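>>> after the sequence you'll find the predicted model.
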Amino acid sequence: MRTMAIVRRVFKQMLRDKRTLALMFLAPLLIMALIYFLFQNNTTQVATLGVHNVDHQVIKAINTEHVDIHHYSSNQAKAMIKQHDLDGYLTQKDGNLTITYSNSNPTNTSLIKASLQSGLVKLKIQTLVTATKAQKKVLQTQQVALQKLTATQKQATVSKLKTALAQAQASGNTAATKIQKQLSQATASATAPTNSQSQTTTYTTSSHYIYGSSDSTFFENFLPIFLGFFVFFFVFLISGVSLLNERTTGTLSRLLATPIRRSEIIMGYLIGYGGFAIIQTVLTVVFAITVFKIHLVGSIWLVFLTNLLLALVALTLGIFISTFANSEFQMIQFIPLIVVPQIFFAGLIPVDGMASWLQAIAHIMPLYYGANALTAVVTKGAGLGDIGVNLLILVGFMVVLTMLNIVGMKRYRKV
């Protein structure tokens, strides 16, 4: 009976908390629907490949619907990849093909590898087929010549024997021996083989990687994205729960009863929690570089700056979302709605291949811009000018959310 009393209490408490019920039952459905649309995408993934001084037959063999080929006049692979944002660059010297992969997008790297391998196999098969046809033609020609020669030799032999027989009675065996020698010379001349050679080019390939190597794992390739996500997630969670705890315990109400301004409270929270966010960012980045041996192509200071801006955006977002929660349990339930979708739009699934309405959703996600900046710096060596737009958008998110937090604080001031 006492157990059932507790059960009834739990049911009554949950039924009274409409927000918790909505988050519990609707959030999983929304996430599942989002994942369904993300993985139902039928858009063809296309990798961009630059080529320089490559034989036409090679280009034709590797040109597929998954590879978009562009011709350039420079053989500086790394410079051209960075300048034109290419996934790979192919050059040729004699029969040696050199392919340089950006490797910033493992999917596109795999597409180029598959196209290049299948194209070279296709060329080898075509060469074998051509050589087989040429040999077949030579054999057929020799067979016809041999048949003609055999028929001619039979007729000539009968005729020569009759003539030799007639002449042998007059001049002896000397004439017959002479005729035999001439026939042998004619046979040797007629059966001389015909050689046909087909000149073909044998291609060899060598691969280079700007970021990582051919042995790079999934984690290494997507480490810049994970780096930004972990910083964003934990700062969002800690800041939101901390402010919610101050509100539920009455600390915030007592603070608002003083003459302090709302903007001063928000800025105080941002600076206070921001200090810990900076420490967390430094520890996360240093740990990733030293322990996981991340291959950093660009500047480490830009990695710090991008992660710091992500942490500040997560901080302001966590404070803002906490105003809609009445308990830590509700705050945790906002994670599937606010944080989890962002990892899908951060680059794990190529955004360019998504449906247009999904791309629109991606562009309102702060982690989309942070992950793009981190990937560009770590894997492509991008500079401040290259990622400046992404960083400015993150600053915009932070400013807007800070203003919303200042306005939202008004609802808690009672005096």
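Yep, that arrived.

>>> only C-alpha atoms from now on, for both contacts and neighbour counts.
Noted.

>>> list the helices and strands the host helix or strand of Lys133 packs on?
Element membership for Lys133, per DSSP states H and E: helix 106-171. Identification of packing neighbours for helix 106-171 by 3 or more Cα pairs under 8 Å, 6 or more residues apart in numbering; DSSP states H and E yields strand 47-52, helix 56-62, strand 67-71, helix 174-190.

>>> if you average pLDDT over each of these, which is lowest?
Least confidently modelled of the helices and strands packed on helix 106-171 is helix 174-190, at a mean of 51 by mean pLDDT.

>>> I'd like the next helix or strand past that helix.
strand 204-209.

>>> how about that following strand: buried residues?
His208, Tyr209 (16 or more other Cα atoms under 10 Å).

>>> I'd like the next helix or strand past it.
helix 218-221.

>>> and whichever helix or strand comes after that following helix, what does it pack onto?
Next helix or strand after helix 218-221 toward the C-terminus (DSSP H and E): helix 223-248. Secondary-structure packing of helix 223-248 (3+ Cα pairs under 8 Å, 6+ apart): helix 262-291, helix 300-322, helix 328-333, helix 366-380.

>>> run through who's touching the shortest one.
Among residues not part of helix 328-333, those counted as contacts by Cα atoms under 8 Å, 6 or more residues apart in numbering are Arg19, Thr20, Leu23, Met24, Leu237, Gly240, Val241, Leu244, Asn245, Ile321, Ser322, Ala325.

>>> what helix or strand is the nearest residue to Ala373 once chain neighbours are set aside on?
Spatial nearest neighbour of Ala373, chain neighbours left out: Ile387 (5.5 Å); criterion: Cα to Cα, 6 or more residues apart in numbering. When elements are assigned from DSSP H and E, Ile387 belongs to helix 384-408.

>>> now the two most distant members of the contacts of helix 328-333.
The largest separation in those, counting by Cα to Cα, is between Met24 and Asn245 at 21.1 Å.

>>> what about these two, which has more around it?
Neighbour count, other Cα atoms under 10 Å: between Met24 and Asn245, Asn245 has more, with 17 against 14.

>>> what sits opposite His71 in the beta ladder?
Val51 (DSSP bridges).

>>> and for Ala355, the neighbour number?
15.

>>> same question, Val407
For Val407, using other Cα under 10 Å, the count is 12.

>>> hang on, the earlier thing: out of the contacts of helix 328-333, who's the most crowded?
Among these, Ser322 has more neighbours than the rest - 27 neighbours, counting by other Cα under 10 Å.

>>> and the gap between that one and Thr248?
11 Å (Cα to Cα, to the nearest Å).

>>> pull the helix or strand with minimum mean pLDDT from the protein.
Sorting the helices and strands of the chain by mean pLDDT, DSSP states H and E puts helix 174-190 at the bottom, at a mean of 51.

>>> checking Thr100 next. Helix, strand or coil?
What DSSP: H, G, I helix; E, B strand; the rest coil gives for Thr100 is strand.

>>> same deal with Val297?
Going by three-state DSSP: Val297 is coil.

>>> and it, how many residues sit next to it?
Neighbours of Val297 using other Cα under 10 Å come to 16.

>>> looking at it now. What's its pLDDT?
Looking at Val297, its pLDDT is 82.

>>> what of Thr194?
Looking at Thr194, its pLDDT reads 44.

>>> and the one 4 residues further on, by the same measure?
At Ser198 the predicted local confidence, pLDDT, stands at 45.

>>> when you give positions from now on, start the count at 886
Renumbered: residue one is now 886, and that last one reads Ser1083.

>>> so which of the contacts of helix 1213-1218 is the closest to Phe1161?
Looking across the contacts of helix 1213-1218 and measuring by Cα to Cα, the closest to Phe1161 is Leu1122, at 13.1 Å.

>>> quick check: the gap between that closest one and Val936.
47 Å.

>>> before we move on, what about Thr1035?
For Thr1035, the distance to Val936 - Cα to Cα - is 56 Å.

>>> neighbour count: these two, which is higher?
Higher neighbour count among Thr1035 and Val936: Val936, with 22 against 13, using other Cα under 10 Å.

>>> for the more buried one, which residues are in contact?
Val936 touches Ile954, His955, His956, Tyr957, Tyr974, Leu975, Thr976, counting by Cα under 8 Å, 6+ apart.

>>> among these, which one is most surrounded by other residues?
That'd be Tyr974 among the contacts of Val936, by other Cα under 10 Å, with 27 neighbours.

>>> surely that one is within a strand?
Yes: under three-state DSSP, Tyr974 sits within a strand.

>>> so it is in contact with Gly935, correct?
Yes: in this structure Tyr974 lies within contact range of Gly935 using Cα atoms under 8 Å: 4.5 Å.

>>> what do those two both touch?
Ile966.

>>> let me know the pLDDT of Thr983.
Taking Thr983 on its own, its pLDDT is 90.

>>> tell me how far it lies from Asn1290.
Taking Cα to Cα, one finds Thr983 at 55 Å from Asn1290.

>>> who's more crowded, these two?
Taking other Cα under 10 Å, Thr983 and Asn1290 do not tie; Asn1290 has more neighbours (24 against 19).

>>> for the nearest residue to Tyr1253 once chain neighbours are set aside, what are its contacts?
Counting by Cα to Cα, 6+ apart, Tyr1253 lies nearest to Ala1231, which is 4.5 Å off, once chain neighbours are set aside. For Ala1231, the contacting residues are Ile1110, Ala1247, Leu1252, Tyr1253, Tyr1254, Ala1256, Asn1257, by Cα under 8 Å, 6+ apart.

>>> what residues are up against the closest residue to the second one other than its chain neighbours?
To tie it back to what came earlier, the one meant is Ala1247. Spatial nearest neighbour of Ala1247, chain neighbours left out: Phe1230 (5.4 Å); criterion: Cα to Cα, 6+ apart. By Cα under 8 Å, 6+ apart, the residues touching Phe1230 are Val1236, Ala1247, Met1250, Leu1252, Tyr1253.

>>> ranking those by neighbours, who comes first?
Going by other Cα under 10 Å, Leu1252 tops the contacts of Phe1230 with 28 neighbours.

>>> that residue contacts Leu1195, doesn't it?
Yes: here Leu1252 lies in contact with Leu1195, judged by Cα under 8 Å, at a distance of 7.3 Å.
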